[in-house]
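Novice: what's the 3D shape of this:
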Amino acid sequence: MINLFAILLGLLASKIQKRRARMIMAGNKNPRVYKEWEHDGWGDRISIRRVNNDGTFRIDGHLITKPVVGDIIVYETAIGKAKGVVSETEYPGDPHDMFFATVIPVELFKED
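Specialist: Residues are numbered from 1 along each chain as shown. A predicted model of the protein is given here:
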């Protein structure tokens, strides 16, 4: 489990960030949901790399079906699971399955 205290602070992001996330989600009519813990092997991976100053965070990985803007990333934190929305993506092309993305945290699911 990844201790992402800084990302939890991002859950308290400004209303502007949350409004931006809602607009992004509205633009993707059929978002895919990626569960970070299900993608932890070679060639099938999602990794959280850094937390940005604005409360968003950067992920990278290798997936056959790469995330697009508006897709949902569910990830584990120290106090439960959380959901974020992909707001930006980059596909370097070599290797063909690699991606980079920025995610806006939007919701925390506390585990009992």
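Novice: When you work out contacts or count neighbours from here on, use the C-alpha atoms and nothing else.
Specialist: Fine.
Novice: where does the protein have low pLDDT?
Specialist: Confidence mapping of the chain against pLDDT under 70 gives the ranges 1-16, 110-112.
Novice: ranges for the strands of it?
Specialist: Taking DSSP state E, the strands of the chain run over residues 33-35, 40-41, 44-51, 57-62, 72-77, 80-90, 98-110.
Novice: and the direction of the third one versus that of strand 57-62, what angle?
Specialist: Strand 44-51 runs at 160 degrees relative to strand 57-62, counting by axes from the mean of the first three to the mean of the last three CA atoms, to 10 degrees.
Novice: What pairs with strand 44-51, parallel or antiparallel?
Specialist: For strand 44-51, the paired strands and their directions (DSSP bridges) are strand 40-41 (antiparallel), strand 57-62 (antiparallel).
Novice: ditto for the last one
Specialist: Partner strands and pairing direction for strand 98-110 (DSSP bridges) are strand 57-62 (antiparallel), strand 80-90 (antiparallel).
Novice: ok, Arg22 to Ser87 distance?
Specialist: Distance, Arg22 to Ser87, by CA to CA, to the nearest Å: 10 Å.
Novice: Looking at the two, which has the bigger crowd around it?
Specialist: Between Arg22 and Ser87, counted using other CA atoms under 10 Å, Ser87 has the larger neighbour count: 20 against 14.
Novice: what about the longest helix in the protein?
Specialist: Among the segments of the chain that qualify as a helix by DSSP state H, the longest is helix 15-27.
Novice: which residues are in contact with it?
Specialist: Outside helix 15-27, the residues that touch it by CA atoms under 8 Å, 6 or more residues apart in numbering are Pro31, Val69, Gly70, Asp71, Val85, Ser87, Ile104, Val106.
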